[in-house]
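Undergrad: coords please:
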Amino acid sequence: MRTGLYGTLDAGWRIFALLIVTRFFDGSSFSKAMVPAAYMIGLLSTPIALFYLSRLKMRSAQICSVNYAIAGALFLVSSFASDSLWLFLGSGVLAAALLAQQMPLIVHIYSTNYTAADRGKRVAHAITLGVAIAPLFGWFGGIFLEEDLSRFPVIFQIMAGACAISALCMAQMPSETLQRSPSANPLAHLSLVWKDKVFGSILAMWMILGFGNLATMPLQIEYLSSSEYGIQATSTQIAIATIVIPSVVRILTTSIWGHLFDSFNFLLVRGLSSAFLFAAILVFFFSDTITGIYIGSAGYGLALAGANVNWSLWVTKFAPEGEESNYMTVHSFLTGLRGLCAPFIGFYMIGFFSIREWSVIGACLVGLSILLLYPIDRLSRR
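TA: From the prediction side, this is the model:
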């Protein structure tokens, strides 16, 4: 239930918030970049947040429940900010950042409730439920906003309600008390980057891959909506291309990726997912028709289905037992670091490159990350 409602929150913020900033508020490149950067701000702050949250002696699920409740209140504030771009962005960014901080806590819950043998399949089922909600909400939101974009407060009130229900669900979820870090330094776990060479090498690969993806993905809305690029898609077409089609493909394939994660070498599975992403970026941004864009969207859905499973669980294959949250905190921090920078760089660079030229650069970075998997695999076998 909690995961299903998260699909509403993800679609609502990632797509509709950017559409509102672009078309309703006519925001600057900086304000547009703040939307995808919001989750990354949350991820970047996870080491410090986890350090102090562990001192509360609360169960992981209880902390998640409180975060959802606060995020819901902030989304409600955003719904009343139709006259102020910065109140809308400020409250919305804080809400999205809080939701992003959940991941190390969720991994802690996964690792204590699911065995290693079936963890991928079980989490894949949960992700599929979340993704199943996204196209329904995307379709509804696209049609609802098509007639009058000023009705967006209703979308954010629905998101606030989803947060409230998620908070109730999380409060009842079995989990263990978050272990307090013995160090007095909230950033002490970042030393794992160089202490664990295999872990650090994978993080470097993921940094290159993530930057290539995150520097181009937020430009989808710009490519579809701006008159400069000739597509000028309607709100419904944007919702279909960025929410509905990727979500449907993810529903159909996430369980397959979960099986692959459990059954095969992680680096091989990561390389396959990255290959689909490489193709999706080029197909999407080099399509002149909405049909071609839909095909690229399907490729994104296939790649993201694998990416979600891999991103959520890969540390459980490399971290010592009981250290999953610490490893995930480092991974989340670096995801936030690249994710915070990449959207701003992406929107800035299209002032010097066309979106298509910049998409080629992003695709090349994804390709480089695939090539790096071979030496990492050799290192992990030593």
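Undergrad: CA only for contacts and neighbour counts going forward, please
TA: Fine.
Undergrad: got the buried residues for the helix or strand encompassing Met34?
TA: Using DSSP states H and E, Met34 falls within helix 29-44. Buried residues in helix 29-44, counted by 16 or more other C-alpha atoms under 10 Å: 31-44.
Undergrad: what of stretch 332-346?
TA: 332-346.
Undergrad: one more: stretch 220-238?
TA: Under 16+ other C-alpha under 10 Å, the buried positions of stretch 220-238 are 220-225, 231-233, 235-238.
Undergrad: dump those into JSON lines; add pLDDT as well.
TA: Output for the buried residues of stretch 220-238, formatted as JSON lines (pLDDT from 0 to 100):
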{"residue": "Gln220", "pLDDT": "88"}
{"residue": "Ile221", "pLDDT": "83"}
{"residue": "Glu222", "pLDDT": "82"}
{"residue": "Tyr223", "pLDDT": "87"}
{"residue": "Leu224", "pLDDT": "88"}
{"residue": "Ser225", "pLDDT": "81"}
{"residue": "Ile231", "pLDDT": "80"}
{"residue": "Gln232", "pLDDT": "78"}
{"residue": "Ala233", "pLDDT": "84"}
{"residue": "Ser235", "pLDDT": "77"}
{"residue": "Thr236", "pLDDT": "80"}
{"residue": "Gln237", "pLDDT": "87"}
{"residue": "Ile238", "pLDDT": "86"}
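Undergrad: can I get these in JSON lines including distance to Gly161?
TA: Output for the buried residues of stretch 220-238, formatted as JSON lines (distance: C-alpha to C-alpha, whole Å):
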{"residue": "Gln220", "distance to Gly161": "28"}
{"residue": "Ile221", "distance to Gly161": "26"}
{"residue": "Glu222", "distance to Gly161": "29"}
{"residue": "Tyr223", "distance to Gly161": "31"}
{"residue": "Leu224", "distance to Gly161": "29"}
{"residue": "Ser225", "distance to Gly161": "29"}
{"residue": "Ile231", "distance to Gly161": "34"}
{"residue": "Gln232", "distance to Gly161": "32"}
{"residue": "Ala233", "distance to Gly161": "29"}
{"residue": "Ser235", "distance to Gly161": "23"}
{"residue": "Thr236", "distance to Gly161": "23"}
{"residue": "Gln237", "distance to Gly161": "26"}
{"residue": "Ile238", "distance to Gly161": "24"}
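Undergrad: nearest to Arg382, of those?
TA: Gln220 (41.5 Å; C-alpha to C-alpha).
Undergrad: for Leu313, state which of the buried residues of helix 29-44 is nearest.
TA: Leu43 (15.7 Å).
Undergrad: quick check, Asn326 in contact with His189.
TA: Yes. Using C-alpha atoms under 8 Å, Asn326 is in contact with His189, at 6.4 Å.
Undergrad: the two: who's more crowded?
TA: Taking neighbours as other C-alpha atoms under 10 Å, Asn326 and His189 compare with Asn326 leading, 25 against 18.
Undergrad: give me the element the more buried one is part of.
TA: helix 324-349.
Undergrad: the strands in the stretch 1-150 of the chain, which residues?
TA: For the stretch 1-150 of the chain, no strands turn up when DSSP state E, counting those that start in this stretch is the criterion.
Undergrad: give me the secondary structure label for the residue nearest to Met349 when sequence neighbours are not counted.
TA: Distances taken as C-alpha to C-alpha, 6 or more residues apart in numbering put Trp358 closest to Met349, at 7.4 Å, once the chain neighbours are dropped. Under DSSP: H, G, I helix; E, B strand; the rest coil, the three-state class of Trp358 is helix.
Undergrad: does Trp358 touch Thr216 like I think?
TA: Yes. At 7.4 Å, Trp358 counts as touching Thr216 under the criterion of C-alpha under 8 Å.
Undergrad: starting at the chain centroid, how far to the one helix or strand Ile245 maps to?
TA: According to DSSP H and E, Ile245 maps onto helix 245-263. Computed by C-alpha atoms, centre = their mean, to the nearest Å, the separation of helix 245-263 from the middle of its chain amounts to 16 Å.
Undergrad: following it, which helix or strand comes up?
TA: helix 266-285.
Undergrad: compute the inter-axis angle for that following helix and helix 245-263.
TA: Using axes from the mean of the first three to the mean of the last three C-alpha atoms, to 10 degrees, one finds that helix 266-285 and helix 245-263 are set 170 degrees apart in direction.
Undergrad: good, wrapping up.
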